[in-house]
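In: Structure for the following, please:
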Amino acid sequence: MNNLNSILIEGNMVRDPLFRSTQKGISVCNFTIASNRFYRQGQESNLEKEVGFFDVEAWGKLADICSSQGRKGRGVRVVGRLKQDRWTGNDGKNHTKVAIVAEHVEYRPDFKKNNESASEAGSLAADADMNGGPNEFSGLPREEARIEELQAVGF
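Out: Numbering: from 1, shown residues only. The predicted structure follows:
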């Protein structure tokens, strides 16, 4: 049997990415993703929410991209592998930490946030239209337009 170490996770960035370079000049970018899970404990219970926080590290060219594209709150999809670090602390206790090493990162569309009024309901579609032409989402309310736009790009 072959071993498999692969993970796909979607969520929102908890804080702005931390970018640094190693002594050999290799780029490293670290960030944390919050991913929500919704479930019911019983047939008639309310919907419960569970939030998981996952540390991600990207290396090389991918680190440069994550540093420039990522920001707190932005939606992200990461494909990668799990890495476990082990060390003994100053107190003599053994510690472990599991992180995701990113191999592929996709960002949700970065819509501009502005102070909305009722007349700006269709502005989301205009922000997302790269060609500057008419947009099929321009007549929808802002929330419905966002859902349609995210579905159109595969989220």
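
In: CA atoms for contacts and neighbours, from now on please.
Out: Noted.

In: which residues does residue 35 form a beta bridge with?
Out: On the basis of DSSP bridges, residue 35 takes part in beta bridges with residue 52.

In: for it, what are its contacts?
Out: The contact partners of residue 35, taken as Cα atoms under 8 Å, 6 or more residues apart in numbering, are 9-12, 51-54.

In: next one: residue 107
Out: Taking Cα under 8 Å, 6+ apart as the test, what residue 107 contacts is 69-70, 74-77.

In: Which pair in the residues you listed has the greatest spatial separation?
Out: Taking Cα to Cα as the measure, the contacts of residue 107 span a maximum distance of 12.7 Å, between 69 and 77.

In: By mean pLDDT, which helix or strand of this protein comes out lowest?
Out: In the chain, no helix or strand scores lower on mean pLDDT, DSSP states H and E than helix 123-128, which sits at a mean of 29.

In: where do the helices sit along the chain?
Out: Defined through DSSP state H, the helices belonging to the chain, from first to last, are 61-69, 123-128, 142-152.

In: Return the member of these having the minimum mean pLDDT.
Out: Mean pLDDT is lowest for helix 123-128 out of the helices of the chain, coming in at a mean of 29.

In: start to end distance for stretch 67-86?
Out: Distance across stretch 67-86, first residue to last, is 26 Å (Cα to Cα, to the nearest Å).

In: I'd like to know how far residue 61 sits from residue 33.
Out: Applying Cα to Cα to residue 61 and residue 33 gives a distance of 20 Å.

In: and the contacts of residue 107 as a markdown table, adding neighbour count and distance to residue 1?
Out: Below are these laid out as a markdown table (neighbours: other Cα atoms under 10 Å; distance: Cα to Cα, whole Å):
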| residue | neighbour count | distance to residue 1 |
| --- | --- | --- |
| 69 | 14 | 39 |
| 70 | 22 | 38 |
| 74 | 19 | 38 |
| 75 | 21 | 35 |
| 76 | 21 | 32 |
| 77 | 18 | 29 |
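
In: Strands along the chain, start to end?
Out: Secondary structure of the chain (DSSP state E): strands at 7-13, 18-21, 27-39, 48-59, 75-88, 94-107.
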